[in-house]
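In: structure for this input, please:
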Amino acid sequence: MEMLYLVIINGLIDSFNPCAIGIFLIFISMLFMLKKEKKQVFKISLVYIMSIYISYLLIGVGLIKVVQFFGVPHLITLVGAIIIILVGALSIKDYFLPNSIFSTKIPYSARQLILKWTYKATLPAAAVVGVLVGISEFPCSGGIYIATVGLLSQKETFLRGFLYLLIYNLMFVLPLILIYIITVNQKVAIKLMDWQEREKNHMKLSMGVIMVILGVILLKWYV
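Out: Down below sits the predicted model:
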């Protein structure tokens with residue numbers, strides 16, 4: 001049960017990513033502007049969320065395979081914990097020094113590509129953006145995922161580890177599911193976008209602090 005709780009908590013922490021949430025809100029706004037029917041909004045939202053889920057799940061499965069092949073789960077957990085602390089520290093730094101060289105932001109070229117597909121607001125575009133977001137945000141918050149995969153490889157069989165990854169990734173996309181439910185109303189969607197834009201720096205600061213604490217906990221109790 002301890003592993004289940006850890007997987008759920010880590011997945012939820014990993015899920016509060018301003019990029020994935022911000023892009024999804026832009027998607028929803030575009031759909032309202034184009035006067036898409038609710039059924040179409042549901043389909044496009046579902047494809048976007050599923051694309052992120054599947055791409056992130058495949059990354060996790062690949063990591064488990066790599067860890068098992070080299071037989072170094074303890075080292076992977078250690079590396080993941082260190083990455084969590086470093087990325088958390090960078091997120092805190094971004095709040096106070098937003099224009100410095102090193103940053104946790106998605107690279108400009110990747111952001112432009114994501115936005116280009118986002119504004120198309122079609123089913124294929126939703127699939128492409130979901131995959132791009134899933135891959136692009138991994139370097140920013142992937143330390144949590146890497147550390148979790150390391151722990152699963154240490155303590156669980158591949159099958160149980162895969163089942164835990166399914167749960168982890170469900171937690172990872174849970175905020176997006178909740179956002180879809182909330183933003184069925186266009187006025188609520190606009191207010192949520194304004195709030196996200198206004199509070200994204202505070203979200204980054206909070207995430208940074210949480211990640212540093214989580215990294216220290218992993219180093220102290222699980223490495």
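In: now stretch 47-67: mean pLDDT?
Out: Here stretch 47-67 scores 92 as its mean pLDDT.
In: could you find the closest non-adjacent residue to residue 186?
Out: The shortest distance from residue 186 to any non-neighbouring residue, by Cβ to Cβ, 6 or more residues apart in numbering, is to residue 32 (4.8 Å). C-betas here are computed from N, CA, C, even on glycine.
In: buried set for the lowest-mean-pLDDT helix or strand in the chain?
Out: The helix or strand of the chain with the lowest confidence, counting by mean pLDDT, DSSP states H and E, is helix 18-33 at a mean of 77. Residues of helix 18-33 classed as buried: 18-32 (neighbour count, 16 or more other Cβ atoms under 10 Å).
In: and the following helix or strand past that helix, what does it pack onto?
Out: Beyond helix 18-33 on the C-terminal side, the first helix or strand identified by DSSP states H and E is helix 38-70. Counting contacts by 3 or more Cβ pairs under 8 Å, 6 or more residues apart in numbering; DSSP states H and E, helix 38-70 packs against helix 18-33, helix 73-96, helix 123-155, helix 158-182.
In: where among those is average confidence lowest?
Out: helix 18-33 (a mean of 77).
In: what's that one packed up against?
Out: Checking 3+ Cβ pairs under 8 Å, 6+ apart, helix 18-33 ends up next to helix 38-70, helix 108-118, helix 123-155, helix 158-182, helix 186-221.
In: residues contacting the second one, please?
Out: Yep, that's helix 108-118 we're talking about. Helix 108-118 is contacted from outside by 23, 26-27, 30, 105-106, 125, 128-129, 132-133, 136, using Cβ atoms under 8 Å, 6 or more residues apart in numbering.
In: can we see that at 10 Å?
Out: 19, 22-24, 26-27, 29-30, 48, 105-107, 124-133, 135-137, 139 (Cβ atoms under 10 Å, 6 or more residues apart in numbering).
In: now the helices and strands packed on helix 18-33 in CSV, with distance to residue 86 and mean neighbour count?
Out: Formatted as CSV, these follow (distance: least, Cβ to Cβ, whole Å; neighbours: other Cβ atoms under 10 Å):
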stretch, distance to residue 86, mean neighbour count
helix 38-70, 18, 17
helix 108-118, 20, 15
helix 123-155, 7, 22
helix 158-182, 21, 17
helix 186-221, 8, 16
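In: please name the residues that touch the spatially closest residue to residue 42 that is not a sequence neighbour.
Out: Counting by Cβ to Cβ, 6+ apart, residue 42 lies nearest to residue 180, which is 7.8 Å off, once chain neighbours are set aside. By Cβ under 10 Å, 6+ apart, residue 180 lies in contact with 24, 27-28, 41-42, 45-46, 48-49, 189.
In: roughly how far does residue 180 sit from residue 133?
Out: Separation of residue 180 from residue 133 (Cβ to Cβ, to the nearest Å): 15 Å.
In: again, but for residue 7
Out: Applying Cβ to Cβ to residue 7 and residue 133 gives a distance of 22 Å.
In: just residue 167 next, same as before
Out: Distance from residue 167 to residue 133, by Cβ to Cβ: 20 Å.
In: any idea how far stretch 59-74 is from the chain center?
Out: The chain centroid and the centroid of stretch 59-74 are separated by 20 Å, computed with Cα atoms, centre = their mean, to the nearest Å.
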